[in-house]
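Colleague: with the sequence up front, the predicted model follows.
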Amino acid sequence: MHPYQFQANIIQTLLIVIVGVILLAKRHKNPHILKVLFLVSLFSMFLCNLFWITNLWIETEPTYYFSATDIAIIGSFLLIYSILKLTVVAKPRFHFLYIFGSLIFYIWNVYIWYSWSGTLISNILIGIPYGLLFYILCVCLFNLRCIRKPFILIGIFALLFVAMICETLTLFVGDSYMFTVNLLIDVLFGILVILSLVMSYLSKAFRFQWCVAALLFCQFGQYGSVGIAYSIFVVAIGIVLVFLYRGLDGFCQSNPITVQKEES
Amino acid sequence: MTVYSENLLLCMSLPILILVPFLKKSARSFCIAFLLGMLACLFGAYINNYFKEYLGMSYTEAIRYITPIVEETIKLIPAILFVVIFLPKDSDILTFLAALGVGFATFENACYIIENGTDSIIFVLIRGASAGTMHVVSGLIGGVGLAFAKRFKPVMIVGTITVLTVSVTFHGMYNLLVSARGVLMYIGFAMPLAVAAVLAPIVKSNKLKSFSE
């Protein structure tokens, strides 16, 4: 078990509960569809954490079978993908380029995770929502021109590419270089998370999309890190969710789509 | 004692099956869902055993990690077909899923009782009130979720998957707690009843009625 993993998971759960309670407290008579989906996603994440914490408590060592935790995280990230998909109104340009890029991203990650854990089927399933999320983020961030200076966006994707190369290197380097490579992975994902959050602050119209990018990088940072960095990324996910709520709230205020009654 | 589940299923389902043609629409759909729940339980047991052997898991590991995924998935399949083929009202979806859960729980309880006997009233009560309620509650969760997912076409598939994930996690939590020792086990036994107590006013509330009718 990573140091402070148990505590980090509890902090993340508390943050999820806080965001969920705020969402429920500020609900309207006709709730916004995106907020409803986000609430369900949070609930799924909460259940995932609850299962994981209870499992850690009972087993004392984490088990890596494909279980309810993985199913719950797949569900919650698929919902975040759906939320982002609903925010896209324009038909994306370079559609096939994004699909191709996401496919490479997906296969590459599954290969790395498979090499680390030795389980193929579970990693194939877990990778699906991340692949979809990566695709929709490409559509949102590249296609809608959410930033005026595209080199920042290209720089972020280049950093992600370097981080993934470092992750691949962990499969080949010896023990003497392992610490350096792991440190590099933690630093790179940390920079990516901070950059995404800074961009969410600068770009008000795309605050939510950038927060989702930060969440994705946090999740990948968590998977790729060992030791205390793992626990830091776990807590960071909870913090990013707070920003995500803020971003979604802003987006919903400017784009009202409420839950309508079924047509009879 | 060896339990021949297939024979038990035949014995339990035949009277209901004969009754079905005589019933009106809502009662008929309840009975069919009940039968499908029992059938799902039987198939779930086959698949669970297959994965347990294939992955080389112990009994405890299998009920903690594999059983919730298999059982909830197999329970949701007839429900999805029901929604897609018959396009029912939201309230009918809820009833169908609840009946599916009751059927599943009834058949599972019957098998357990035949295998372990009915000597201990505590055991019988725990089986009925906790494991039985768990399947009903997970069915209700599925019903509310499917009714919601059906409403929003753009998120229908993702919504359905999320319904499955919530049911699986709830079931997984129950199995995990029950398979532990001490206080956690008792929390596990109480969990389905507690969730049912929370869910009942929500299902009965005017808000959900206006949502579902």
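Modeller: Noted; the coordinates are in hand.
Colleague: what about chain B, any weak spots by pLDDT?
Modeller: B:1, B:205-213 (pLDDT under 70).
Colleague: ok, residue A:11 - contacts?
Modeller: Contact analysis of residue A:11 by Cβ atoms under 8 Å, 6 or more residues apart in numbering or on different chains lists A:234-235, A:238. All C-beta atoms are positioned from the backbone trio N, CA, C, and that covers glycine.
Colleague: list the contacts of stretch B:35-55.
Modeller: Residues contacting stretch B:35-55 (Cβ under 8 Å, 6+ apart): A:65, B:5-6, B:9, B:12-13, B:16-17, B:57, B:59, B:62, B:66-67, B:70-71, B:74-75, B:77-78, B:99-108, B:111, B:135.
Colleague: inside helices: which ones of those?
Modeller: B:5-6, B:9, B:12-13, B:16-17, B:59, B:67, B:70-71, B:74-75, B:77-78, B:99-108, B:111, B:135 (DSSP state H).
Colleague: re the thing from before, selecting buried members of the contacts of stretch B:35-55 in PyMOL, what would you type?
Modeller: Those of the contacts of stretch B:35-55 that count as buried under 16 or more other Cβ atoms under 10 Å in any protein chain shown are selected in PyMOL with:
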select buried, (chain A and resi 65) or (chain B and resi 5+9+12+13+57+62+66+67+70+71+74+75+78+99+100+101+102+103+104+105+106+107+108+111+135)
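Colleague: ok, the residue nearest the centre of chain A - contacts?
Modeller: The centroid of chain A falls nearest to residue A:216 when counting by Cα atoms, centre = their mean (2.6 Å). Contact analysis of residue A:216 by Cβ under 8 Å, 6+ apart lists A:130, A:133-134, A:137.
Colleague: just send those residues back as JSON lines, with secondary structure and pLDDT too.
Modeller: Output for those, formatted as JSON lines (DSSP: H, G, I helix; E, B strand; the rest coil; pLDDT from 0 to 100):
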{"residue": "A:130", "secondary structure": "helix", "pLDDT": "94"}
{"residue": "A:133", "secondary structure": "helix", "pLDDT": "93"}
{"residue": "A:134", "secondary structure": "helix", "pLDDT": "93"}
{"residue": "A:137", "secondary structure": "helix", "pLDDT": "90"}
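Colleague: which of those ranks first by neighbour count?
Modeller: Neighbour counts for the contacts of residue A:216, by other Cβ atoms under 10 Å in any protein chain shown, peak at residue A:134, which reaches 25 neighbours.
Colleague: that residue touches residue A:105, doesn't it?
Modeller: Yes: judged on Cβ atoms under 8 Å, residue A:134 makes contact with residue A:105 at a distance of 5.0 Å.
Colleague: residues touching residue A:173, list them.
Modeller: Contact analysis of residue A:173 by Cβ under 8 Å, 6+ apart lists residue A:181.
Colleague: ok, it to chain B distance?
Modeller: 31 Å (Cβ to the nearest Cβ, to the nearest Å).
Colleague: now swap in residue A:37 and tell me
Modeller: For residue A:37 relative to chain B (Cβ to the nearest Cβ), the value is 7 Å.
Colleague: just residue A:23 next, same as before
Modeller: Taken as Cβ to the nearest Cβ, the span from residue A:23 to chain B is 16 Å.
Colleague: what's the burial count for the nearest residue to that residue once chain neighbours are set aside?
Modeller: Leaving out its chain neighbours, the residue that sits closest to residue A:23 by Cβ to Cβ, 6 or more residues apart in numbering or on different chains is residue A:39, at 5.2 Å. Per other Cβ under 10 Å, the neighbour tally for residue A:39 reads 18.
Colleague: what about residue A:39, is that helix, strand or coil?
Modeller: Each residue gets one of three states, and residue A:39 gets helix by DSSP: H, G, I helix; E, B strand; the rest coil.
Colleague: pull the contacting residues for it.
Modeller: A:20, A:23-24.
Colleague: kindly report the same for residue A:170.
Modeller: With contact taken as Cβ under 8 Å, 6+ apart, residue A:170 is in contact with A:116, A:178, A:181-182, A:185.
Colleague: show me how to select, in ChimeraX, the buried members of the contacts of residue A:39.
Modeller: In ChimeraX syntax, the buried subset of the contacts of residue A:39 is picked out as below (16+ other Cβ under 10 Å):
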select /A:20,23
